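**Student:** Sequence first, then the predicted structure:
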Amino acid sequence: MVNGRLTDDRGFSLTELIVVLTLLGIVLGVSYGGLIAVYRARDVSDRHALIANEIGNPLATFEKMLTQATYVDAAGPYSVSFRSDRDNDNVQERNLIEATADGHLRHRVWLVDALGNNTSLEYDATWSDNNVNVARSQPLFQYSGDTDDDGTMEPLIGIIDPQQVQYVDVVVVIEYDGRDYSDERSAFMRNR
């Protein structure tokens, strides 16, 4: 008599299941490691982008603007006001660069009339919302000039006479993820 049962209905053995689960665990572990590496790389990329936007870009702009300055109106540790003709159209602009106590790093530009008065705001940029120059008592600007006309630049300390400013060091400090990042540039006011 013929039996109606299939002869090979055993399924998977315990050993085969253990091998498959082990291989699956290895694949998932490698995938998780790759995912963690991607997240870490993204964090590094975000930090570099923030530093470039909040330190590098403003420093490059400030250096260019200060180099073109023709007249310094006011000079302090956290702000400077100066005139320039940035687009060479024989119309003076007044620039104000300042670090505020609430963490902003701003740059504003006004057109100036023949009497030296501001006429219209042409440019208003907030370069950083994470600036800590004021909070860390780190001056944004340090000035030098030839105060005794001997050809040597000396640091200007105390109350600064804007007419003596010839050289400016700009140090921008930001805080990101509980750490301070900073960079600096120097500008020689060659048009003064």
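**Tutor:** Everything's here; your move. Numbers count the residues shown, from 1 in each chain.
**Student:** where does the closest residue to Arg47 other than its chain neighbours land on pLDDT?
**Tutor:** By the measure of C-beta to C-beta, 6 or more residues apart in numbering, the closest residue to Arg47 outside its immediate chain neighbours is Tyr176, 6.3 Å from it. For glycine as for every other residue, the C-beta is placed from the backbone atoms N, C-alpha and C. With respect to pLDDT, Tyr176 scores 91.
**Student:** measure the residue lying closest to Gly145 once chain neighbours are set aside to Gly158 for me?
**Tutor:** Residue nearest to Gly145 in three dimensions, not counting chain neighbours: Gln164, with 3.9 Å by C-beta to C-beta, 6+ apart. From Gln164 across to Gly158, the span is 11 Å (C-beta to C-beta, to the nearest Å).
**Student:** what about those two, which has more around it?
**Tutor:** Set Gln164 next to Gly158 and count neighbours by other C-beta atoms under 10 Å: Gln164 wins out with 15 against 5.
**Student:** Let me know whether that one touches Leu156 as I believe.
**Tutor:** Yes. Counting by C-beta atoms under 8 Å, Leu156 is a contact partner of Gln164 at 5.9 Å.
**Student:** Mutual contacts of the two, please.
**Tutor:** The contact sets of Gln164 and Leu156 overlap at 143, 145, 147 (C-beta atoms under 8 Å, 6 or more residues apart in numbering).
**Student:** neighbour-wise, which of those leads?
**Tutor:** Tyr143 (25 neighbours).
**Student:** Three-state assignment for it, please.
**Tutor:** Following DSSP: H, G, I helix; E, B strand; the rest coil, we place Tyr143 in the strand state.
**Student:** And for Asp102?
**Tutor:** coil.
**Student:** What does it show for phi and psi?
**Tutor:** The phi/psi pair for Asp102 (degrees, to the nearest 10) reads phi -90, psi 10.
**Student:** and if you look at the one 5 residues further on?
**Tutor:** The phi/psi pair for His107 (degrees, to the nearest 10) reads phi -140, psi 120.
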